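3D model of this:
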Amino acid sequence: MTTTWLTRTLHGALWTLVFLLPVKFGGLALLPEHPANLDDWIFSRWPLEVAVVTAFVWAAVAAVAAWRERGVALGGWAWLALVWFAVQWLSACVSPWPERAWSVAAFFSVATVFFFIGWWPAENERRYRSVLGALVVATVVVCVVALHQHFGGFEEALRYAREHPESVPPEVRAHLAAIEGKLAQGRVFGTLFYSNTLAGYLILVAAPACWWLWRFLRERMEGGERAVRVTCAVLTAAFAALVLGCLLLTRSKGGFAALALALVGGLALCRQVNWRWRAGIMVALLAVGAVFFGVQGFRRGAETLEARGDYWRAGVAMIVEQPWIGGGPGTFGKRYVERRRPDAEPTRLAHNNFLQQWTDSGIIGFSSFTALWIGTLWLGARRLRSGPFDPLTWATWTSLAAWTLHNLVDFDLYVAAVAWPAFLMAGWMLRNDAAAG
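Numbering: from 1, shown residues only. Model prediction:
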């Protein structure tokens, strides 16, 4: 595809959509958003249907624009993504809850579209850098909102809700006491669904966003080489500190642990890094986690893990009962009601995307989803070990490793702001590996 007005328009539309994902589409796919007035459209999240329709329109126009390209064959990993996509719709068609299953299947269809946005070879590198640039700008917005919540925003919102109860939706008013208890914990969530969702987003974008910012500044700053390098390093470090600080303010132990393990794994793949530096970074990560979360935080983590254990036990029972086709995408909560212990917390999702893929779409859905992410990490690691060091590949591999680990304890797959960029990164990684080979 040559550089024409249509190409530039497509790049601009994709940039805008990716920027809006964490800013306006950070809600849960199973919970509809209904802005009631102009203020809601400005300050609150938007209906997910807007993003779904926009993504499909973009994909249709891009497919027509790329139609003249010849010789583009689907690789094995691209077929695997299509198998996963097809199984979601097959399971949705036989689900006892078709309305829920079809809406989530459409959501997953957009995830597949994003995979091919990253995978498609035409202008692959430029498109990926454009996406990272959009995520950098969006991340700054998300982190500013999170910091505002931490430094008085929660108290301000609660005070306004008490003074103007008529402005609070009835469904929120009925649970205002529980919401106050959650906010009292001080866990920020920015523009996303809740604290762990923000953590999942931050660990996904942290490393590649830092790479993009460093590269962007180096290409545009003028002056002495040393001054430019120092300035770029300071600004990039400030951005990294902003992201890490907001990650810590989410108090997400799973998110912090996933990022720490991914960084350790990424450092193990870097032969250029001295082993003393690797050991030092590992010790520093452990120290930060121990100091920030403390004994009380780890006790709370044990309680949370116990709740997840109940979800997972119910999920295993669902798999034994219906292993082949599942109950339909997004229907875990419908089936969990029958298996929930009286003292257990209610939930709509299994808090383990791999387990829920099996409960909702059967063994083929689980196998294709698991193989896609394990294959992405394995091929990326092989490239890092065998070829010259590529900082963008390393940063993307680290972010995808952290996201994959976080999928074991949360439901990032059902949040557009987290899942869709992750699929795009996976597509870029797999295509980039094939091109390198």
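
rounded mean pLDDT for the strand or helix carrying residue 382, please.
Applying DSSP states H and E as the criterion places residue 382 in helix 353-386. Averaged over helix 353-386, pLDDT sits at 94.

then stretch 138-151?
The pLDDT scores in stretch 138-151 average 95.

so which residues make contact with it?
The contact list for stretch 138-151 (C-beta atoms under 8 Å, 6 or more residues apart in numbering) reads 18-23, 26, 153, 186, 188-192, 198, 201-202, 205, 209, 239, 242-243, 245-246, 249-250. Every C-beta, even on glycine, is put in place using the N, C-alpha and C of the backbone.

again, only this time at 7 Å
For stretch 138-151, contacts defined as C-beta atoms under 7 Å, 6 or more residues apart in numbering pick out 19, 22-23, 186, 188, 190-191, 198, 205, 209, 242-243, 246, 249.

return the members of those residues classed as buried.
Neighbour counting with 16 or more other C-beta atoms under 10 Å marks 19, 22-23, 188, 190-191, 198, 205, 209, 242-243, 246, 249 as buried within those.

quick one, which of the contacts of stretch 138-151 has the minimum pLDDT?
Among the contacts of stretch 138-151, pLDDT bottoms out at residue 186, giving 75.

so it, which of the three states?
coil (DSSP: H, G, I helix; E, B strand; the rest coil).

wait, what's in contact with it?
residue 150.

mind running it again at 8 Å?
Taking C-beta under 8 Å, 6+ apart as the test, what residue 186 contacts is 150, 154, 249, 251.

so who does the third one touch?
Translated: residue 249. Applying C-beta under 8 Å, 6+ apart, the residues contacting residue 249 are 146, 147, 150, 186, 187, 188.

ok, the residue in the chain sticking out farthest from the centre to residue 232 distance?
Most distant from the centre of the chain: residue 224, at 38.3 Å, with distances by C-alpha atoms, centre = their mean. Per C-beta to C-beta, to the nearest Å, residue 224 is found 12 Å from residue 232.

just residue 117 next, same as before
Taken as C-beta to C-beta, the span from residue 117 to residue 232 is 28 Å.

looking at the two, which is more packed in?
residue 117 (25 against 19; other C-beta atoms under 10 Å).

mind telling me what element that one is part of?
Going by DSSP H and E, residue 117 is in helix 98-119.

was I right about residue 427 contacting residue 121?
No: here residue 427 does not reach residue 121: they are 10.6 Å apart, not a contact under C-beta atoms under 8 Å.

give me the more crowded residue out of those two.
residue 427 (26 against 14).

next up, the contacts around the more buried one.
Contacts for residue 427 (C-beta under 8 Å, 6+ apart) come out as 78, 81, 114, 115, 116, 117, 118, 119, 120.

I'd guessed the fourth one sits against residue 80; true?
No: taking contact to mean C-beta under 8 Å, the distance of 9.8 Å between residue 115 and residue 80 leaves them out of contact.

of these two, who's got more company?
residue 115 (28 against 20).

relative to residue 255, how far out is that one?
Counting by C-beta to C-beta - residue 115 and residue 255 are separated by 23 Å.

ok, residue 226 next?
For residue 226 relative to residue 255 (C-beta to C-beta), the value is 36 Å.

the more surrounded of these two?
A direct count of neighbours by other C-beta under 10 Å for residue 226 and residue 255 places residue 255 higher, at 29 against 8.

can I assume that one is in contact with residue 202?
Yes: Residue 255 lies in contact with residue 202 (C-beta under 8 Å); the separation is 7.1 Å.

intersection of neighbour lists for those two?
What both residue 255 and residue 202 touch, as defined by C-beta under 8 Å, 6+ apart, is the set residue 247.

so the residue lying closest to residue 359 once chain neighbours are set aside versus residue 254, what's the distance?
Among residues not flanking residue 359 along the chain, residue 318 sits closest, at 4.3 Å (C-beta to C-beta, 6 or more residues apart in numbering). According to C-beta to C-beta, residue 318 and residue 254 sit 23 Å apart.

check what pLDDT residue 296 gets.
pLDDT, read off for residue 296, is 48.

how about residue 160?
Looking at residue 160, the pLDDT reads 65.

the helix or strand hosting residue 147 versus helix 98-119: what angle between them?
Using DSSP H and E, residue 147 falls within helix 124-148. If you take axes from the mean of the first three to the mean of the last three C-alpha atoms, to 10 degrees, helix 124-148 sits at 120 degrees to helix 98-119.

same question for helix 124-148: list its buried residues.
124, 127-136, 138-139, 142-143, 145-147.

same question for stretch 59-66.
Buried-residue list, stretch 59-66, by 16+ other C-beta under 10 Å: 59, 62, 65, 66.

in TSV, list these along with pLDDT and distance to residue 216.
Shown next, in TSV, are the buried residues of stretch 59-66 (pLDDT from 0 to 100; distance: C-beta to C-beta, whole Å):
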residue	pLDDT	distance to residue 216
59	89	27
62	82	24
65	74	26
66	70	27
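
which of those residues sits closest to residue 46?
Lowest distance from residue 46 to these (C-beta to C-beta) belongs to residue 59, with 19.3 Å.

quick check: the farthest pair among the contacts of stretch 138-151?
So, the contacts of stretch 138-151 by C-beta to C-beta: farthest apart are 19 and 186, at 27.9 Å.

could you list the low-pLDDT ranges of the protein?
1-3, 67-75, 122, 157-158, 160-185, 223, 271-278, 289-303, 432-437 (pLDDT under 70).

what's around residue 309, how many residues?
With other C-beta under 10 Å as criterion, residue 309 counts 12.

that one: which element?
helix 275-321.

rewinding a little: ok, the contacts of residue 249 vs residue 349, which is closest?
residue 187 (18.5 Å).

hang on, isn't that closest one packed against residue 197?
No: the criterion here is C-beta under 8 Å, and residue 187 misses it with residue 197 at 11.1 Å.

of the two, who's got more company?
residue 197 (28 against 20).

thought residue 221 was touching residue 228?
Yes: in this structure, residue 221 is within contact of residue 228 by C-beta under 8 Å, at 4.8 Å.

in contact with the residue nearest to residue 229 when sequence neighbours are not counted, which residues?
What sits nearest to residue 229 in space, not counting adjacent residues and going by C-beta to C-beta, 6+ apart, is residue 218, at 7.9 Å. Contacts for residue 218 (C-beta under 8 Å, 6+ apart) come out as 228, 229, 232.

repeat that for 10 Å
228, 229, 231, 232, 236 (C-beta atoms under 10 Å, 6 or more residues apart in numbering).
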